[in-house]
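Participant: Next comes the sequence, and after it the predicted model I'd like to discuss.
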Amino acid sequence: MSKLTQKDAYELFHEGVLALSKAEQVGMRIDLNYLHKEKKRITFKVKHLERELHQTKLYKDWEKYFGAKININSSLQLRDILYNKYKLKPINTTAAGFGKTDDETLSQIDVLGLDLILKIRKLQKIRDTYLENFEREQVDGYIHPFFNLHNVITFRSSSDRPNFQNIPKRDKEAMKAVRRAIYARPGHLLMEADFSKLEVSIAACYHKDPTMLKYLTSEHNDMHRDLAAQLFKIDDFDRHIPEYGYLRSAAKNGFVFPQFYGDYYVGCADSLAKWTKLPHSRFSGKEGVTLPNGIPISSHLINQGIKNYNQFENHIKQVEDDFWNRRFKVYQQWKDRWLAAYQRKGYFDSLTGFRYRGIYRRNQVINYPVQGAAFHCLLWSFIQMDKWLFENNMDTKLIGQIHDAMVLDVNPNELQKVYQKIREITTQQLPATWDWIIVPLDISFEITDVDKPWADKYEYEV
DNA sequence: GGAACTCGCCAC
DNA sequence: AAACGTGGCGAGTTCC
């Protein structure tokens, strides 16, 4: 097949809009009774936490400072109390240069009551951003989130009224509280099919770095493991030992992904130190997460010649150099060429035929075509699946999409067929149709049981 | 009373 | 030389 053109891009979005609009019409069933009860429960709990907060010195000082205008939901007032009245030295600052009052910062400040502020914030977020919105948007017990293809600079999608693409997932309490409200139609089940490591795979289709291709092709190679071993200077790194599994996550989320998005060693060192609980000072040997042999990671690093944070940061700088100039040298060369070509031409094209015109920063030029084309893999699959469901008169319906995942409302009698077809479309038909896809694609599934809420999802393997 | 802004936080 | 990409949305705040 020849290179995809802007006409192909147009047709993808044209068909995409039609398929997405059908999903919008189906929508998701909402448990209104639960919504009502959960909102009341949260409101009750918030009131209780507020009463507790009223007993603290923090609240009393706050009241003195702001009088009748006191509002514990105001982060500006809180900022005033912490950094002006208490004169604490800001750990982090906002873009505008003020001391931050976010979760990460507040949990490091030793002032009684801040934990209550955070708990209240979290509960209100669940109630006001999600549950309240579902109730407002529902029609006859169904929400119909919109899926837009015309809003996003990268040619990804967005979703609104309500946004279906930011439903809590990692935080267990928030995940359960929100997803407990969402169901498939009566007698049906929910299914989510996610591409695995899609953006990394699509990036590899642009740069074709042989080391990366090997990581993506071989089951036995593990990039995050290798980076964890290098970042923390561990020779016998076995990812199945829990302490090492944790360091692998730290390497993945604190170094590898940020590097792919364009971060540099200063931010990565800071992030890695947070993950591993290392201080921004001299290491005594007692700080940090514990290794399998029982010693703290700071002690291990001291033995490796890294005696303080500056030396740690410098080590991360060296790993970064090695990452781009040796390990993924071809990837780096592609980035340089890609940027230079944009600077020459004034635009760049995605592998899916989309043309990006405009004034972009370096990281945007590198990231947009990857982010866009990765989503287009999902959209293409979504369209094929929609056609197949229609042509085969299936009762199962597509109902949503989250950048690299599709969500379906499945008739249990069709579960096997649907599962097989999604596998076929995403891992066989897609790479066969778009021959620029030069890495194997993989997809994973989650389902609920019939008439169970989305909170009760579990991994599905045949 | 609404527009535009900051800040915070949820997803990928 | 500079330094993490894309959204939506709520609350609070300020300005008009």
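Facilitator: Cool, the structure landed.
Participant: okay, CA-based contacts and neighbour counts for the rest of this
Facilitator: OK.
Participant: Any residues of the stretch 151-300 of chain A in contact with DNA strand B? List them.
Facilitator: Residues of the stretch 151-300 of chain A lying close to DNA strand B (Cα under 7 Å from any atom of the strand) are A:Gln165, A:Asn166, A:Ile167, A:Pro168, A:Lys169, A:Arg170, A:Asp171, A:Ala174, A:Met175.
Participant: can you rerun that using 10 Å?
Facilitator: A:156, A:158, A:163-175, A:194-199 (Cα under 10 Å from any atom of the strand).
Participant: What is the burial count for whatever residue of the stretch 251-400 of chain A ends up closest to DNA strand C?
Facilitator: Taking Cα to the nearest atom of the strand, DNA strand C has its nearest neighbour within the stretch 251-400 of chain A at A:Asp263, 3.4 Å off. A:Asp263: 14 surrounding residues under other Cα atoms under 10 Å.
Participant: and it, which of the three is it?
Facilitator: Three-state call for A:Asp263 (DSSP: H, G, I helix; E, B strand; the rest coil): coil.
Participant: Now A:Glu313. Nearest residue, chain neighbours left out?
Facilitator: A:Ala269 (5.3 Å; Cα to Cα, 6 or more residues apart in numbering).
Participant: next one: A:Asp386
Facilitator: A:Ala19 (6.3 Å).
Participant: That neighbour: neighbour count?
Facilitator: With other Cα under 10 Å as criterion, A:Ala19 counts 20.
Participant: That one is in what secondary structure piece?
Facilitator: Element membership of A:Ala19, judged by DSSP states H and E, is helix A:6-26.
Participant: For the closest residue to A:Ile447 other than its chain neighbours, give the beta-bridge partners.
Facilitator: In space, and not counting its chain neighbours, A:Ile447 is closest to A:Met191: 4.3 Å by Cα to Cα, 6+ apart. On the basis of DSSP bridges, A:Met191 is bridged to A:Leu408, A:Ile447.
Participant: So A:Tyr458 sits against A:Lys452, correct?
Facilitator: No: checked against Cα atoms under 8 Å, the pair A:Tyr458 and A:Lys452 is beyond contact range at 11.2 Å.
Participant: More neighbours: these two, which one.
Facilitator: A:Lys452 (20 against 14).
Participant: Tell me, how many residues neighbour the residue nearest to A:Ile81 when sequence neighbours are not counted?
Facilitator: Leaving aside its chain neighbours, A:Ile81 sits nearest to A:Trp62 (6.5 Å; criterion: Cα to Cα, 6+ apart). The local packing of A:Trp62 (other Cα under 10 Å) involves 21 other residues.
Participant: residues making contact with the helix or strand hosting A:Trp62?
Facilitator: In this assignment (DSSP H and E), A:Trp62 forms part of helix A:57-66. If you take Cα atoms under 8 Å, 6 or more residues apart in numbering as the criterion, helix A:57-66 is touched by A:Leu53, A:His54, A:Ile70, A:Gln77, A:Leu78, A:Ile81, A:Val111, A:Leu112, A:Gly113.
Participant: next one: it to chain centre, how far?
Facilitator: 37 Å (Cα atoms, centre = their mean, to the nearest Å).
Participant: and that helix, which residues are buried?
Facilitator: Buried positions in helix A:57-66, judged by neighbour count with 16 or more other Cα atoms under 10 Å: A:Leu58, A:Tyr59, A:Trp62, A:Glu63.
Participant: pLDDT below threshold where in the stretch 201-350 of chain A?
Facilitator: Under the criterion pLDDT under 70, no range of the stretch 201-350 of chain A is flagged.
Participant: Which parts of it are strands?
Facilitator: With DSSP state E, counting those that start in this stretch as the criterion, the stretch 201-350 of chain A has strands at A:347-349.
Participant: For the stretch 1-150 of chain A, list the residues in contact with DNA strand C, please.
Facilitator: Within the stretch 1-150 of chain A, the positions lying close to DNA strand C (Cα under 10 Å from any atom of the strand) are A:66, A:69-80, A:121, A:124-134, A:136-137, A:145-150.
Participant: of the residues you listed, buried ones?
Facilitator: Buried among these (16+ other Cα under 10 Å): A:72, A:77-80, A:121, A:124, A:126-127, A:130-134, A:145-149.
Participant: Filter the residues you listed down to just the ones in helices.
Facilitator: When DSSP state H is applied, those are split such that A:Gln77, A:Leu78, A:Arg79, A:Arg121, A:Gln124, A:Glu132, A:Asn133, A:Phe134 fall in helices.
Participant: so can I have JSON lines of those residues showing pLDDT?
Facilitator: Compiled in JSON lines, those are given as follows (pLDDT from 0 to 100):
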{"residue": "A:Gln77", "pLDDT": "88"}
{"residue": "A:Leu78", "pLDDT": "91"}
{"residue": "A:Arg79", "pLDDT": "89"}
{"residue": "A:Arg121", "pLDDT": "89"}
{"residue": "A:Gln124", "pLDDT": "90"}
{"residue": "A:Glu132", "pLDDT": "90"}
{"residue": "A:Asn133", "pLDDT": "89"}
{"residue": "A:Phe134", "pLDDT": "91"}
